[in-house]
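# The following block contains a protein sequence and its predicted model.
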Amino acid sequence: MPYTVLITGANKGIGYEAVKLLAQKKPDAIILLGSRSTKNGEDAIAKMKSSAPSHDFSNVKVLPIDITSSSSLFSAAEHVKSTYTTLDALIHNSGISELDGDGKHPAIFDVNVRGAKDCVATFAPILTPKTGIITVVSSEVGAWYTATVDPSTKAKLEDIEGVSWEKVEGWMKDWEAMADGKEAKEKWVPLDKGMIGSKYCASKGILNPWLRKYAATHLEVRFAVVCPGYCATELNHFQGPRPASAGGESIIWPVLNEFESGKFYQDGKEMAFAQELPDWAK
């Protein structure tokens, strides 16, 4: 069977660029373009063919998948298993910063945190034994959030041994209580602190501890957390200084290179899970 890679959230932005790049770098592999809409996925492939006519992209296949739907995840995994037997690499890229202009929408945690957990849990059982790779796209903003939050809360986010999914759920609910002006147990970054106080940044700060715990307790999986960098995409209203293609290159790096499992990478370089907020973001 051919080497098979699934990239979720791949009909546009960084995911699209990742599929486009990987399809050309691994022409003998099957690259599954995850998209909630089959039409959007097919349109994305047509766009690739038009922009890079030297490659026919026949090795790219659309896989309908909605990571917030358990039935959709199940159907997608069953299709991969029946068609390709195993999955060699999962690149979980799906993520949102708002929905319908609402930066506090419940879907942000549903997609960025719960969706990541459910996607990993669904596809991990069909990974190719010993060599299977899981790559989850997080963000440096999660590392900034961890470094910025109150020290007492930071200590809990960094206590990887003590992390559980129940705690992650509790953190999400506690953050939402704070955002609604209710009493919260933890001292989260206030909403009035600009970008770093956003639910998007909080989602990445809350997701990273679970990713680290998963990697530490599933040593049978080669697991990488990656940051695409601040790229100009629809997610940030095309404000990022990096092109989406650079982000695509960054997130496919673990599929093409050796890496240390459980680490955080950007452009192939290891990053810390807690980083001081840069001056431009303060």
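Right, received. Where do you want to start? Bear in mind the structure is a predicted one, so any value in this text is a computation, not a measurement. Numbering: from 1, shown residues only.

# In contact with K49, which residues are there?
H55, D56, F57 (C-beta atoms under 8 Å, 6 or more residues apart in numbering). Every C-beta, even on glycine, is put in place using the N, C-alpha and C of the backbone.

# show me what contacts the first one?
Just to be clear, that refers to H55. Counting by C-beta under 8 Å, 6+ apart, H55 makes contact with A23, Q24, P27, M48, K49.

# now the helices for this structure?
Using DSSP state H, the helices of the chain run over residues 13-25, 38-51, 70-84, 107-109, 116-123, 140-148, 151-157, 165-179, 199-217, 244-256.

# between the ones you listed, which one is nearest to K193?
K193 lies closest to helix 140-148 among the helices of the chain, at 7.7 Å (C-beta to C-beta).

# What angle do helix 199-217 and the closest one make with each other?
With axes from the mean of the first three to the mean of the last three C-alpha atoms, to 10 degrees applied, the angle from helix 140-148 to helix 199-217 works out at 90 degrees.

# pLDDT on helix 140-148, on average?
The average pLDDT for helix 140-148 rounds to 96.

# what does that helix rub up against?
154, 157-158, 189, 193, 195-196, 200-208, 227, 229-230, 264, 266, 271-278, 281.

# ok, 6 Å please
Applying C-beta atoms under 6 Å, 6 or more residues apart in numbering, the contact partners of helix 140-148 are 154, 157, 189, 196, 201, 204-205, 208, 227, 273-277.

# now swap in stretch 201-214 and tell me
108-109, 112-113, 116, 136, 138-139, 141-142, 145-146, 157, 160, 163, 168, 171, 175, 225, 273.

# so how far is it from its chain's centroid?
10 Å (C-alpha atoms, centre = their mean, to the nearest Å).

# Not counting sequence-adjacent ones, nearest residue to D150?
K187 (3.4 Å; C-beta to C-beta, 6 or more residues apart in numbering).
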